[in-house]
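A.B. asks: Predicted model, plus sequence, below.
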Amino acid sequence: MRGVAEEAPLAYKDVGAVVDIADRAGLARKVARLEPVICIKG
């Protein structure tokens with residue numbers, strides 16, 4: 001069960017929302033949107 005708990009979707013923030021807030025606050029500037037192609041777990 002430990003592995004399942006670590007991958008709970010609610011454990012992560014919405015990346016888009018975080019980027020938008022950082023952009024509006026002047027902390028960062030949006031320049032590109034990246035999408036994962038592959039995920040390898042060891």
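C.D. replies: That came in fine, so what should we check first?
A.B. asks: use CA for all of it now, contacts and neighbours both
C.D. replies: Noted.
A.B. asks: what about the helices in the protein?
C.D. replies: Here the chain has its helices, by DSSP state H, at 2-6, 15-24.
A.B. asks: Which one of the ones you listed has the poorest average confidence?
C.D. replies: For the helices of the chain, mean pLDDT drops lowest on helix 2-6, to a mean of 57.
A.B. asks: V15: what's it in contact with?
C.D. replies: If you count contacts by CA atoms under 8 Å, 6 or more residues apart in numbering, V15 has none.
A.B. asks: any idea how far the nearest residue to V19 once chain neighbours are set aside lies from K41?
C.D. replies: With CA to CA, 6 or more residues apart in numbering as the measure, K30 is the residue that lies nearest to V19, at 7.3 Å, once sequence neighbours are left out. Separation of K30 from K41 (CA to CA, to the nearest Å) stands at 29 Å.
A.B. asks: For the most centrally placed residue in the chain, give its distance to R29.
C.D. replies: Closest to where the C-alpha atoms of the chain average out (CA atoms, centre = their mean) is V15, at 3.7 Å. V15 sits 14 Å away from R29, going by CA to CA.
A.B. asks: now K13
C.D. replies: Look at K13 and R29: by CA to CA, they are 19 Å apart.
A.B. asks: neighbour-wise, which of the two wins?
C.D. replies: R29 (12 against 9; other CA atoms under 10 Å).
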